[in-house]
Structures are given as C-alpha cells and as structure tokens.
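[1] fold the following.
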Amino acid sequence: MLVKVFGSTVFGVEATTITVEVNIDKGIGYHLVGLPDNAIKESSYRIAAALKNNHYHFPGKKITINMAPADLRKEGSAYDLTIALGILAASGQIKSEAIHQYIIMGELSLDGSLQPIKGALPIAIKAKEEGFKGFFLPKQNVKEAAIVAGLEVYGVENVTEVIDFFEGKSNLVPTTINTREEFYKTLDYPEFDFADVRGQESIKRCMEIAAAGGHNIILIGPPGAGKTMLAKRLPSILPPMTLKEALETTKIHSVAGKVKDTGLMNQRPFRNPHHSASSVSLVGGGSYPQPGEISLAHNGILFLDELPEFKREVLEVMRQPLEDREVTISRAKFTITYPSSFMLVASMNPSPGGYFNDPNAPVTSTPNEMQRYLSKISGPLLDRIDIHIEVTPVPFEKLSDDRPSENSASIRARVTKAREIQSERYASSDTIHYNAQMSTKQIREYCKLDEISLNLLKTAMERLNLSARAYDRILKVSRTIADLENSTQIQSHHIAEAIQYRSLDREGWLG
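    Alright, predicted model coming up:
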C-alpha cells in the first residue's frame, strides 16, 4: 500500500515541503531513498523501538521510502515522526484518510517521546502558504510555530498523541497565540538601562546619535572605562522592532535552533562573539550551512569586544555584509543568502597595554607598538565605521554621585522620533531606511551645506588631517544630529559635533 505523508526542510531561511512516499509490498527489506543524510538513515532504529514501546509494530515486509524531491539533500532527525506515521498508515495500523492534510515533523526518542526541531517558524509559514490544514510538531516548538495565524498548530509530547488524533480517539486542541499581544507584552522592559551608567554623558550622546542613524560605532579607551557596559545598553535605546522585523529575526533564530519556548522575539538581538571566533561562525556556512553571528544579529547589534584581538581574516569577511546588508554563501551545488542588517559596535584598547598617553599608567606602550596594534584593523573595515569615540575613565566624584541618570526610555523616545523623520525621507526607497545606509547620491541630495558649514568642514579636513574617507561619514552623522534636533538643514554646530567623532582618522592621533 502506498501512502504520502508531508514534512519540510529548511533551505537558508525558507522552507521547502518534502513528500515522504511510503510503499509496503511483499518481501523483506528497508529502502530509504531521496538523498537522506546519516541521521535520517538511522531513523529506522529509533522508529522501530518507539513503535514497539507504544504497542505498535514495525512491519517485517519490503518497505520503500522516497523523500521527494529526490534531488534535494535532506538533513537532520526531524523526519522520524513523518516516516513513522507513513509506515503505520501504509501498513494499515492507523487510518490515513486525513494524513495528507498535515505537515508532520519531530525527532523520536526510543520511548516515543518527541525532541525539539529547528526551523519550526519557516516551516509553519510555508505550510500555510501551500494550504495545509495543520502542523504537528514537538511541544517545545509549538509557541514558535503558532505565531502563524490560519494554521492549526498541534504541540505533541508523544507519538501516541498523533496516532490517537488520526484514529479519532482524542481531540487535540490547537495552540493559538495572539501575535500582536505577545509582541507588545515585554516591548518596553529592557534588561539593561542607561540609568545604571554614572557619568560618560558625552559617550551617551554619541550612542544616542549612533542609534538614531543606525551608525556603526567603535569605542576606544583603557580597561575599566565602561566600554562594554555602554555597549550592552545600546539595544535599550534602539527603536522598538516592528512586527515585520520581529518575524524576520525570529525566523533566522528558528533556523539556527535558538528560539526556545519564547515564541515571537520582540527584543532586538545583541550578539557578542568571543574574539577566538572563526570566519565561518561569524558569517555562517559550514558543511550543513547555518546562519552566523552577523545574521543572528539581524535587526539588532553585533558587539565585537577587543576588536584587534580578532584574527584579521575574520574581520575582513565582514566588509561585504556590512555594505550589502546580506551574506551569500556559495557552494558547488547551491547558494544560500542570509539577511545581515545589523549595527556594528566595537570596542578596543588604544594600545597593547591598554593605556594611552598616561604617564601614571601601570603599563605603557611605545608609539610604534601602538601603531602596530592599531594596524591589525584594516582601513577598509574602519571605512565602514561611522563613529569613532574615545572613552575616558569616570572620576570618583561621578561614580559616587547618587543623582539618577537619564533612563533608556527617555533616550529611546528621541531616537524613535529621529528614525520616523528618516523613514519619511526615504519612503520611496526599498533599500534605504536610515541615514547610515545613504549612498553617495543620497548624501549629495540630503546633506547640502551652507557656506559657513562648508568652510568649517574644509578647515577641519585640513587642520586635523582627516582622511578623505571621513568626509562622507561626517556628513551622514551630521544629518542624524540634525534629525535629532528636528532640523531640516544641517547647521555648522551639527558639522562641528560630527567632526569630533572621527578619532582614528586624525593623523597623529597616536601622539
């Protein structure tokens, strides 16, 4: 008897429906075809034990299973439940009239219980698009898949629950989630708050500008100055994610198996990889391609602490994703594209010893050592970082000050207002949403300067020996500063402030 059961595979961040055809005939043998990997080939042992331990039997006949399309490689153990239900239906142990209306996925334990799978959200989205009635999957993934409205999503703990459903012995209740209610529930409760930071008012201002324009930023300062503390609080002042951004972000984390029992992600991601990370872990890939850190940071922040400690070749692979806002992984037989629109926040010491031009420092470095240390970061990478700011240690008087600092909610309100101005400005563009994404054409159109501002910028370029690459960056940052003040034109004081944020471009910065 031939029975068709449906599963799904995730390719990049999109799902493809897989038809599992199970045919049972006279003879003996178990034949699994359709480019399955080893995890799928081993499924027969898990399925046989799970069925026996739940009072069903694995047929002792010729079983042929085809996973179509047969030319697409299938990976992982999530097809155990699909194949098990197909075998039971084909052997007549359960009713199969309605089985073709559902996507069925899950990894089986030997006792018949189900283990979580990856990619539940994109699979649910595809199931709804293709008109399936429902989706059976492990209970641990049910909140993630239930985000998709118009699809019956059943979270099950054991294979017997699915069998009883098709046999009519039990009525499973589909899980429903009010997506908008879940999305807005914890939107305004960030884990870290700028109210915790004492002093550093100029750095907070700089972070506000970076958040308002989506600018990449690098913090340079000695150990203990507060670089990491400030960076961890940056997500709390970014504009709240839209529902579309939340779905995009959740989909990527779902594919990587990072969504636990939370359902829809409503906080912007903050990724902080260790400096020993490889280029593959950063941009994604591998023999079974997975999203890397830059894609997991999509719509959020990628924080690289101690930037010069990362291997140079690891940092260089980020240059193209920073520009294109996506990363393409090419292999001989396929190409996968992952989105990677993130804010890069980096921190570094100004020298190997950690202290810069401080005669009282416990460790000092020569100018040559400092130059060699900074040269680990290439010019093209620095070219993609709009704001460079020096972070100095906080004096005792400010550390011991009990007066409350401005909280993240107040800063976020100003940032959101500036982003709304930018959204209106770039409404006609599909690729540009905030100032940091402006191309040369948009800079010429939206960053026009009056005579005073132009002369100020010219003088700064000449006297401070700013590099040519600083010109466009200063204009972008000054446009954001103007937006924060709700100014339609860039004024001279906007240019003056933006010039301060190009420390690493100044010739002689090392003394």
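[2] what about the nearest residue to G284 once chain neighbours are set aside, distance to L382?
    Nearest residue to G284, sequence neighbours excluded (C-beta to C-beta, 6 or more residues apart in numbering): G292, at 3.3 Å. Placement of C-beta: from N, CA and C, glycine included. Going from G292 to L382 by C-beta to C-beta, to the nearest Å gives 22 Å.
[3] which one's more surrounded, these two?
    Set G292 next to L382 and count neighbours by other C-beta atoms under 10 Å: G292 wins out with 29 against 20.
[4] need the contact list for S96.
    By C-beta atoms under 8 Å, 6 or more residues apart in numbering, the contact set of S96 is 3, 89-90, 166.
[5] looking at this protein, which helix or strand is least sure?
    In the chain, no helix or strand scores lower on mean pLDDT, DSSP states H and E than helix 179-185, which sits at a mean of 67.
[6] check which element follows it along the chain.
    As assigned by DSSP states H and E, the chain's next helix or strand after helix 179-185 is helix 201-213.
[7] so which other helices or strands are in contact with that following helix?
    Under the contact definition 3 or more C-beta pairs under 8 Å, 6 or more residues apart in numbering; DSSP states H and E, helix 201-213 sits against strand 217-220, helix 227-233, strand 343-348, strand 387-390, helix 408-425, helix 470-484.
[8] got the CA positions of the next helix or strand after the second one in CSV?
    Just to be clear, that refers to helix 227-233. Heading C-terminal from helix 227-233, the first helix or strand you meet, by DSSP H and E, is helix 243-255. Provided in CSV are the C-alpha atoms of helix 243-255 (Å, rounded to 0.1, in the frame of the first residue of the first chain):
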residue,chain,number,x,y,z
LEU,A,243,6.1,43.2,13.7
LYS,A,244,7.8,42.5,10.3
GLU,A,245,11.3,42.9,11.8
ALA,A,246,10.3,40.6,14.7
LEU,A,247,9.1,37.9,12.3
GLU,A,248,12.3,38.2,10.2
THR,A,249,14.5,37.9,13.3
THR,A,250,12.6,35.0,14.8
LYS,A,251,12.8,33.1,11.5
ILE,A,252,16.6,33.3,11.5
HIS,A,253,16.9,32.3,15.1
SER,A,254,14.4,29.4,14.5
VAL,A,255,16.6,28.1,11.6
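[9] show me how far helix 243-255 is from its chain's centre.
    Computed by C-alpha atoms, centre = their mean, to the nearest Å, the chain-centroid distance of helix 243-255 equals 8 Å.
[10] quick one: mean pLDDT for the next helix or strand after that helix?
    Downstream of helix 243-255, the first helix or strand assigned by DSSP H and E is strand 270-271. Mean pLDDT, strand 270-271: 94.
[11] tell me what the helix or strand following strand 270-271 is packed against?
    Once the chain leaves strand 270-271, the next helix or strand it forms, by DSSP H and E, is helix 279-283. On a contact count with 3+ C-beta pairs under 8 Å, 6+ apart, helix 279-283 meets helix 293-296, helix 312-316.
[12] how about the helices and strands packed on helix 201-213, which one is nearest K398?
    Of all these, the one in closest proximity to K398, counting by C-beta to C-beta, is helix 227-233 (13.8 Å).
[13] deepest-packed of the helices and strands packed on helix 279-283, please.
    Among the helices and strands packed on helix 279-283, ranked by average contacts under mean count of other C-beta atoms under 10 Å, first place goes to helix 293-296 (a mean of 26).
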